[in-house]
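*Asks:* Build me a model from this:
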Amino acid sequence: FYSALGRARSVYELDIDLEWDCTTSDIESLEFALRNSRVSILRLDIQKYRTSIASRLLPTLTQYEAIFRIRDLPQVKVFHIVISYENIKFLGISPRASTHASKISCELIVGASRRGDFGVITRILKTNPTLTTLNFEFNNIEDDKAKILAEVLKTNSTLTTLNLAINNIRVDGASALAEALKTNSTLTTLSLRANIIGDDGVKALAEALKTNSTLTTLNLKRNYFEVDGVRALAEALKINSTLVTLSVASNNIGDDGTKALVEALKTNSTLVNLHLSSSFFGDDGTNALVEALMTNSRLRIMDDF
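*Replies:* Numbering: from 1, shown residues only. Prediction:
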């Protein structure tokens, strides 16, 4: 592979996953191949990569030196790295800034086994300028931790994607996140799928959507809200002009909730993807959706998200 990559003349974008058995020598071979390639957009996933026992005794910068050399290759203009908590030291080191890359970003995926390390991650959120994606899915995040995250979001200017799916966030946590959305100007994707925010939590988020101008994707699937919550969302959609994708799937919104959304879409011209599967609506809701689709050619009713 490395030999072919070095000879390839038409490969400009590359997505590489480093596996468990990848060695430092493999990374150096990748570096050499990339140095002779034309790859300018690189996504490097080191979630599964583990430095050897011997190299763990070395300074952190030395352990990841080859990866930083890859980042600094002159032809690499966009560099995105995906790490797990086991590689979190990577975020704590700040070698000289790249003189070639125009965009450097990092995605942190926190496994369920790292539930006790929440404070470390929030501190990194406050200080690291490259962390753009944070995945906290299935991490037993409750209201207290959601509130801490919300406080960080009020001043954070780099995070664009936050995944809080499959946690235990309720009304208070959702309300805190909603307050943060009123001032945060960088977050574009928020997933609260499979939490317990209910009608009041959705109402708080809906209020935030009236002033937020950056969020484009909001996933509220399976959050135990009903007609009151979705009506609040519908009112927000009459004002909001940035949200493109919304999921209210697997909530008991019924015919009345569906019709409220359809009514909002008569004036909203930006929402494109609406996820409504398992939302317990009948013929009246279906007929309203059919009418909306006939008048809005951009709208797509999606099955799942």
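
*Asks:* so how far is Asp199 from Glu226?
*Replies:* The spacing between Glu226 and Asp199, counted by Cβ to Cβ, to the nearest Å, is 6 Å. No exception for glycine: its C-beta is placed from N, CA and C like everyone else's.

*Asks:* in the stretch 101-250 of the chain, what spans have low per-residue confidence?
*Replies:* For the stretch 101-250 of the chain, applying pLDDT under 70 flags the ranges 112-116.

*Asks:* Now with 90, please.
*Replies:* 101-104, 110-130 (pLDDT under 90).

*Asks:* Now do the helices in it.
*Replies:* 118-127, 143-155, 171-181, 198-209, 227-237 (DSSP state H, counting those that start in this stretch).

*Asks:* Can you show me the strands along this protein?
*Replies:* Along the chain, counting by DSSP state E, strands occupy 13-17, 41-45, 78-84, 103-109, 131-135, 161-163, 189-191, 217-219, 245-247, 273-275, 300-302.

*Asks:* Just the CA atoms of the second one, as CSV, please.
*Replies:* Looking back up the chat, that one is strand 41-45. Listed next in CSV are the C-alpha coordinates belonging to strand 41-45 (Å, rounded to 0.1, in the frame of the first residue of the first chain):
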residue,chain,number,x,y,z
ILE,A,41,-6.5,16.4,2.5
LEU,A,42,-5.8,13.8,5.1
ARG,A,43,-8.0,12.2,7.8
LEU,A,44,-6.0,10.0,10.2
ASP,A,45,-7.9,7.8,12.7
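
*Asks:* Could you pull up the mean pLDDT of that strand?
*Replies:* Mean pLDDT, strand 41-45: 94.

*Asks:* Could you list the paired strands of that strand along with their orientation?
*Replies:* strand 13-17 (parallel), strand 78-84 (parallel) (DSSP bridges).

*Asks:* circling back to that earlier point, now tabulate the strands of the chain in TSV and tack on mean neighbour count and distance to Glu31.
*Replies:* Listed next are the strands of the chain as TSV, based on neighbours: other Cβ atoms under 10 Å; distance: least, Cβ to Cβ, whole Å:
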stretch	mean neighbour count	distance to Glu31
strand 13-17	14	11
strand 41-45	19	11
strand 78-84	20	13
strand 103-109	18	17
strand 131-135	20	23
strand 161-163	19	28
strand 189-191	20	32
strand 217-219	21	35
strand 245-247	23	37
strand 273-275	20	39
strand 300-302	14	41
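
*Asks:* need these in TSV with distance to Ile253, can you?
*Replies:* TSV is the format used below for those (distance: least, Cβ to Cβ, whole Å):
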stretch	distance to Ile253
strand 13-17	38
strand 41-45	37
strand 78-84	35
strand 103-109	31
strand 131-135	27
strand 161-163	23
strand 189-191	19
strand 217-219	15
strand 245-247	12
strand 273-275	11
strand 300-302	13
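
*Asks:* Which among those strands is found nearest to Gly285?
*Replies:* Proximity to Gly285 (Cβ to Cβ) singles out strand 300-302 among the strands of the chain, at 11.0 Å.

*Asks:* Give me the sheet partners of that closest one and which way each runs.
*Replies:* By DSSP bridges, strand 300-302 pairs with strand 273-275 (parallel).

*Asks:* which residues touch the strand it pairs with?
*Replies:* For strand 273-275, the surrounding residues in contact (Cβ atoms under 8 Å, 6 or more residues apart in numbering) are 219, 221, 244-249, 261, 265, 299-305.

*Asks:* can you do 6 Å?
*Replies:* If you take Cβ atoms under 6 Å, 6 or more residues apart in numbering as the criterion, strand 273-275 is touched by 245-247, 249, 300-302, 305.
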